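> Quick one: sequence and predicted model below, then my questions.
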Amino acid sequence: MNKSRKQIEKIKAGITSGILSGKNQYKHSIIRSIERIYLRNSTDGSIDLQELTRDLKRNLKVPDGFKNEIIKKVYTSQQEISGIWNEYFGNATGGSFSVADIDKMHALYQVDFTPVETEVRNKVLKEVRSAIKGEYGFNSISKKLQNTGLGVYTAENLTRTALAQFDNAYHVEVAKQAGVVYYIYDGDTSENTRPFCRSHIGRVYTLAELASMDNKQGLPVTTSLGGYRCQHFLTALIGYERKEPGEVYNPAHQG
């Protein structure tokens, strides 16, 4: 793993750590929102379940502060990553990768919070229905919800995936301008490595070959490799002369 890659992996780990370190504050914020909606629908200790459900579906959402903080961290991390790859490839790009191109890529690889919103809403509605049926109050609901992720791990997963997508996409775009043809499907293996990744790690491919692959995750291999939360990445091979399709990387073929 080269110095640039180590720097980028450190950035990814940092954003993950940042999200998880604030998970309790995030969950408290959601639970406060649920409590307000719950109390709004409570009359003399009784609850209209149908109206409460409608109210929760309409008004319960992931706190804007949490989303905005992630968006800000992602943008800052993307800027750092683009700077690292610009320095890595140096003058080989000819300086033709414009600020406008970079901004377009920033916008393309952002976090979609829809799965987080859906997860939060489904968990909350499930607990509220159980509470009504079991005739227990908000304190019990709050305690149960505190013991769930309430979307924080989904948000972390989506954030890391979006950052990895930007990393690979930017790396490839700058590499193409440097005249790169071949890329290693790169990274380490472990007992949790997906079979798809295990079959490709260490092998050399063109972008067309990578684009034709199916990781069964619904995400393009060129930017997401094995799919959501994949730890692997593409490494551009400047001056590499491949002898056969999909060959295992051979340092002797490196120009």
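Noted; the coordinates are in hand.
> Which parts of whichever strand or helix holds A155 count as buried, going by neighbours?
Per DSSP states H and E, A155 falls inside helix 152-177. Residues of helix 152-177 classed as buried: 152, 154-175, 177 (neighbour count, 16 or more other CB atoms under 10 Å). The C-beta positions use only the backbone N, C-alpha and C, and glycine is treated the same way.
> Mind giving me the packing neighbours of it?
Here helix 152-177 touches helix 3-21, helix 23-40, helix 64-89, helix 99-108, helix 114-134, helix 221-224, strand 233-237, going by 3 or more CB pairs under 8 Å, 6 or more residues apart in numbering; DSSP states H and E.
> which of those has the lowest average pLDDT?
Among these, helix 99-108 carries the lowest mean pLDDT, at a mean of 76.
> what angle separates that one from helix 152-177?
For helix 99-108 against helix 152-177, the angle by axes from the mean of the first three to the mean of the last three CA atoms, to 10 degrees is 150 degrees.
> For helix 99-108, list every residue counted as buried.
Here helix 99-108 shows 102, 105-106 as buried, counting by 16+ other CB under 10 Å.
> by contact count, what packs against it?
helix 64-89, helix 152-177.
> Relative to S17, which of those is closest?
Relative to S17, the nearest member of those by CB to CB is helix 152-177, separated by 9.4 Å.
> and the angle from that closest one to strand 233-237?
Angle of helix 152-177 versus strand 233-237, following the same axes, to 10 degrees, is 10 degrees.
> Give the rounded mean pLDDT of helix 152-177.
On average, helix 152-177 scores 91.
> Show the subsequent helix or strand relative to it.
In N-to-C order, the element after helix 152-177 by DSSP H and E is strand 182-186.
> ok, that following strand: who's next to it in the sheet?
Paired strands of strand 182-186, with direction, are strand 204-205 (antiparallel), strand 233-237 (antiparallel) (DSSP bridges).
> Out of these, flag the one nearest L56.
strand 233-237 (40.0 Å).
> one step back: quick one: which of the buried residues of helix 99-108 is nearest to V74?
H106 (8.6 Å).
> Buried ones in stretch 18-31, by neighbour count?
For stretch 18-31, the neighbour count (16+ other CB under 10 Å) marks 19, 22-23, 26-27, 29-31 as buried.
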